[in-house]
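Asker: any chance you could fold what I've pasted below:
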Amino acid sequence: MKKPSAVRPIRMQNRRLAARIIATWFGFGYWPWGPGTLGSAAAILIAVLAAVSPMWWAAAAAVLLPLGIWASGVEADSSGRPDPGHVVVDEVVGQWITLAGASVVSWKSCLLAFVVFRLFDILKPPPARQLEALHGGLGIMADDVMAGLYGAAVMFLTRSLNLL
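Answerer: Presented below is the predicted three-dimensional model:
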């Protein structure tokens, strides 16, 4: 017979803490005024500071997406709310997807990517709004991924028309 272990509660606390750090994007989600906007701004700031190719942001979003699904699902379960407002990793992923559609990472492309993504994230044109109904972390992340894809399409269009 196995003895109860004190390690299990510690592991569970560590798991929840790791999920909270990722889900809130290192605490940015706790900003009281527009945490989603601040999460998007943090994603843009990282892009500006990193100064790498826009396609790098597609790869970064692809790597962060499964972590975001897991973390936001854990945080939703912990908070007892289906889509907690302090979860902003979805905005980071969506913002990076939008930025991936740019031709270069510049202050102009970052500003446009920020505005376009926030508009699509707030308006949630179909099927983005319907994707919110998916269960757990998948639903939390999916609508922002869709908003990011819409944003990337706009960025690609401006790139194709040589507007930036």
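Asker: quick one: the helices in the protein, in order.
Answerer: Along the chain, the stretches classed as helices by DSSP state H are 7-23, 35-50, 54-79, 89-100, 107-123, 128-131, 136-160.
Asker: okay if I get these as TSV plus mean neighbour count, mean pLDDT and distance to Gly29?
Answerer: From N, CA and C alone the C-beta is placed, and that goes for glycine too. Converted to TSV, the helices of the chain look like this (neighbours: other Cβ atoms under 10 Å; pLDDT from 0 to 100; distance: least, Cβ to Cβ, whole Å):
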stretch	mean neighbour count	mean pLDDT	distance to Gly29
helix 7-23	14	86	7
helix 35-50	19	95	5
helix 54-79	19	96	9
helix 89-100	30	98	8
helix 107-123	19	96	14
helix 128-131	16	95	20
helix 136-160	21	96	12
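Asker: ok, the residue nearest to the spatial centre of the chain to Cys110 distance?
Answerer: Central residue of the chain (Cα atoms, centre = their mean): Asp90, 2.5 Å from the mean position. Asp90 is 19 Å from Cys110, where distance means Cβ to Cβ, to the nearest Å.
Asker: what distance do you get for Leu123 to Asp83?
Answerer: For Leu123 relative to Asp83 (Cβ to Cβ), the value is 17 Å.
Asker: and Leu38, by the same measure?
Answerer: 17 Å.
Asker: do the same with Gly34
Answerer: Taken as Cβ to Cβ, the span from Gly34 to Asp83 is 16 Å.
Asker: who has more neighbours, the two?
Answerer: Taking other Cβ atoms under 10 Å, Gly34 and Asp83 do not tie; Asp83 has more neighbours (16 against 12).
Asker: tell me the pLDDT at the more buried one?
Answerer: For Asp83, the model assigns a pLDDT of 92.
Asker: with the one 4 residues further on instead?
Answerer: Val87 is assigned a predicted lDDT (pLDDT) of 98.
Asker: burial count for it?
Answerer: Val87 - counted by other Cβ under 10 Å - has 30 other residues nearby.
Asker: leaving out sequence neighbours, find the closest residue to Ser79.
Answerer: Leaving aside its sequence neighbours, Ser79 sits nearest to His86 (Cβ to Cβ, 6 or more residues apart in numbering; 7.9 Å).
Asker: no wait, Val89
Answerer: That would be Gly68: by Cβ to Cβ, 6+ apart, it lies 4.1 Å from Val89.
Asker: no more questions from me, cheers.
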